[in-house]
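Enquirer: give me a 3D structure for the following:
(one chain, ligands or ions: 3)
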Amino acid sequence: MVIVMKNVKIALPSLKTAKLRRNLGIETIHYKMNDKYKTLGVGKTYSIFTYGCQGNEADSEVMSGILESVGFTLATDPMDADVVLVNTCAIRENAEQRIWGVLGQLKGKKRENPDKIIGICGCMPQEEKTTSKILESYDFIDLVFGTHNRHELPKLIYQAYLTKSKVVEVLSNEGNILEDAPKIRASHHKAWVNIMFGCDEFCTYCIVPYTRGKERSRKKEDIIKEVEDLVKEGYKEITLLGQNVNAYGKDLNSDYTFGDLLYDLDKTGIERIRYTTSHPRDLDDKTIFAMRDCKSVMPHLHLPVQSGDNEILKIMNRKYTYEEYMEKIRKLRKNIPDIAITTDIIVGFPNETEEQFQNTLKLVKEAEFEGAFTFIYSKREGTPAAKMEDMISDKEKKERLLRLNELVNEGYKKGHERFLNQIVEVLVDGKSKNGEDMMCGYTPHLKLTHFKSTDDSLIGKVVRVRITEAKTWFMIGELYES
Ligand code: SAH
Ligand code: SF4
Ligand code: F3S
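Expert: Ligands and ions are numbered 1, 2, ... in the order given. Okay, here's the model as predicted:
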């Protein structure tokens, strides 16, 4: 819906429209800076607060790139920037609460400096209830935009400065693909690479298909070129991003699948390839074989299971059973014997019984996960599960989460113990928070490893470390000189 208020176009979100999966051509936008905004940010600072998944982190890198291309510089104190953007996540109620808290703090800053522009973007504005709430009672927010128009950032900021009134432009459509946008990457050795956007799965609890639009894949040529450029710039590791990477290419009507992409990216010479997230139903043999065959594809897989109960899985619309999930795990272990597998689990889905929860515990034991993100189900307005009446108390749900976490934590520890006394390769990220003269990084199996060193020149390099201690959340080792 588009309305005009104080001469400014206001485009409001609609979850109903967002749900449509029309067969319209998905537009690829080749970013080109409009000369009109070339000096928009000269002499001004910006900051971005980023919440949510890696998709949001990647989006923030694009927004930083766009802002810096029109002259903005990064503020030393993010709260004091001339333009502050809050890139939001709507996945669970507690994620949203945290963000309302930050916005509350920014209200005070706006009072101190009325010329400051405060913008909210990302997944929350795509929800009708959030944008209505902002229009009704968050006067100090100048700019509201969603996940489909971040490339228009200079225009939106320009309008906010010019009109001195709220600029709201949240598009609820299938979405687009943005190419050639400048990026300021957060790391110089690890990079996010979007391979697709959106999600068509419609798991009944999840808001993402409404906030991110239809599944749409980037062209393989564009992805390969991006990775080749990263190799030239000295990047060591890439993480391929998508809500369901195993659906890569399905929308392009070609036989080229995610597995093919892994084989092709292996040839670029990048040292490490990771990817997230895989949907268990779509994880196919070619992907498993690529993990087995390609040296650069790391032996770690995040494979969200959500529940171990077939009835709950069905109501969640996950489209696989306990048995089918375990079959994939067996196939993975057969082909990549040392693989580390992690997962996501939701407890307290509406009316989950104790027996159904027990099935989840059973699966966690059988799958031998080496880590899991565990969540209490959170009702998301507009999703099918939000309409289900729920008889399980919050207390019960919290208790289940604790019981599950106990089991999950054993898996974390075992996953570290198996590397005791072994020499592992660590891509060094930087100084460790685990002690004054320690540094840290990740192994191929994505195990966080701390080791004694103060040598900053190791950052971005792969070093050999002998593991001496295995804790629940990390490993400790010493630099191994061969
Ligand atoms: N696309 C990915 C991850 C999406 S969000 C996937 O399908 O695996 C990350 C995780 O958040 C999900 O795996 C799920 O475990 C959790 N999640 C999503 N919606 C939720 C909700 N309404 N309540 C609690 N957890 C949720
Ligand atoms: Fe959400 Fe399911 Fe899509 Fe993951 S696959 S983003 S859980 S709808
Ligand atoms: Fe959150 Fe949106 Fe990602 S809801 S998890 S930021 S896709």
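Enquirer: close to ligand 2, is the helix or strand where Glu61 lies?
Expert: Per DSSP states H and E: Glu61 is located in helix 54-69. No - using Cβ under 6 Å from any ligand atom, helix 54-69 never reaches ligand 2; the gap is at least 9.6 Å. All C-beta spots, glycine's among them, are computed from the backbone N, C-alpha and C.
Enquirer: what packs against the helix or strand just after that helix?
Expert: Sequence-wise, the next helix or strand downstream of helix 54-69 (DSSP H and E) is strand 73-74. Under the contact definition 3 or more Cβ pairs under 8 Å, 6 or more residues apart in numbering; DSSP states H and E, strand 73-74 sits against strand 45-50.
Enquirer: direction included, what does the strand it packs on pair against?
Expert: strand 73-74 (parallel), strand 83-88 (parallel) (DSSP bridges).
Enquirer: close to ligand 3: what parts of this structure are there?
Expert: Checking the chain against ligand 3 by Cβ under 6 Å from any ligand atom, the hits are 52-53, 55-56, 89-91, 122-123, 207-208, 211-212.
Enquirer: and the gap between the residue lying closest to Ala95 once chain neighbours are set aside and ligand 1?
Expert: Nearest non-adjacent residue to Ala95, counting by Cβ to Cβ, 6 or more residues apart in numbering: Cys89, 4.7 Å away. Cys89 is 9 Å from ligand 1, where distance means Cβ to the nearest ligand atom, to the nearest Å.
Enquirer: remind me which residues of the stretch 251-400 of the chain are low pLDDT?
Expert: Nowhere does the stretch 251-400 of the chain drop to pLDDT under 70.
Enquirer: and if we set it to 90?
Expert: 253-254, 391 (pLDDT under 90).
Enquirer: all helices for it, in order.
Expert: 258-266, 285-293, 310-315, 322-335, 354-367, 394-417 (DSSP state H, counting those that start in this stretch).
Enquirer: arrange the ones you listed in a markdown table, one row each, with distance to ligand 2 and mean neighbour count as further columns.
Expert: Shown next, in a markdown table, are the helices of the stretch 251-400 of the chain (distance: least, Cβ to the nearest ligand atom, whole Å; neighbours: other Cβ atoms under 10 Å):
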| stretch | distance to ligand 2 | mean neighbour count |
| --- | --- | --- |
| helix 258-266 | 14 | 21 |
| helix 285-293 | 16 | 18 |
| helix 310-315 | 12 | 18 |
| helix 322-335 | 14 | 16 |
| helix 354-367 | 16 | 17 |
| helix 394-417 | 18 | 16 |
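Enquirer: and this protein, what are its domains?
Expert: 2-176, 187-298, 335-418, 423-479 (automatic domain parsing).
Enquirer: just put these in a markdown table and tack on distance to Pro304.
Expert: As requested, the domains of the chain are exported to a markdown table (distance: least, Cβ to Cβ, whole Å):
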| stretch | distance to Pro304 |
| --- | --- |
| domain 2-176 | 12 |
| domain 187-298 | 6 |
| domain 335-418 | 4 |
| domain 423-479 | 15 |
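Enquirer: next up, the contacts around the residue of the stretch 251-400 of the chain found nearest ligand 2.
Expert: Closest contact between the stretch 251-400 of the chain and ligand 2, by Cβ to the nearest ligand atom, is at His279 (5.4 Å). His279 is in contact with 201, 244, 246-247, 304, counting by Cβ atoms under 8 Å, 6 or more residues apart in numbering.
Enquirer: same question, Asn173
Expert: Shown in contact with Asn173 (Cβ under 8 Å, 6+ apart): 17-18, 20, 148, 213.
Enquirer: quick check, it in a strand?
Expert: No - remark: Asn173 does not belong to a strand; assigned using DSSP: H, G, I helix; E, B strand; the rest coil, it is coil.
Enquirer: count of neighbours near the nearest residue to Ser64 once chain neighbours are set aside?
Expert: For Ser64, ignoring the flanking residues on the chain, the nearest one in space by Cβ to Cβ, 6+ apart is Ile184 at 3.9 Å. Neighbouring residues of Ile184 were enumerated by other Cβ atoms under 10 Å; the total is 16.
Enquirer: hang on, Ile184 packs against Ser69?
Expert: No - look at Ile184 against Ser69 with Cβ atoms under 8 Å: they stay out of range, at 9.4 Å.
Enquirer: hmm, back to that, now, the residues of the chain next to ligand 3 that are in strands?
Expert: Assignment to strands by DSSP state E places the following of the residues of the chain next to ligand 3 there: Gly122.
Enquirer: okay if I get the residues of the chain next to ligand 3 as CSV plus pLDDT and neighbour count?
Expert: Formatted as CSV, these follow (pLDDT from 0 to 100; neighbours: other Cβ atoms under 10 Å):
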residue, pLDDT, neighbour count
Gly52, 97, 21
Cys53, 96, 18
Gly55, 96, 23
Asn56, 97, 19
Cys89, 97, 21
Ala90, 97, 25
Ile91, 98, 19
Gly122, 96, 28
Cys123, 96, 28
Ile207, 97, 24
Val208, 97, 25
Thr211, 95, 31
Arg212, 95, 23
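Enquirer: turn the residues of the chain next to ligand 3 into CSV, columns for distance to Arg218.
Expert: Shown next, in CSV, are the residues of the chain next to ligand 3 (distance: Cβ to Cβ, whole Å):
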residue, distance to Arg218
Gly52, 20
Cys53, 18
Gly55, 13
Asn56, 18
Cys89, 22
Ala90, 24
Ile91, 23
Gly122, 20
Cys123, 20
Ile207, 23
Val208, 18
Thr211, 19
Arg212, 14
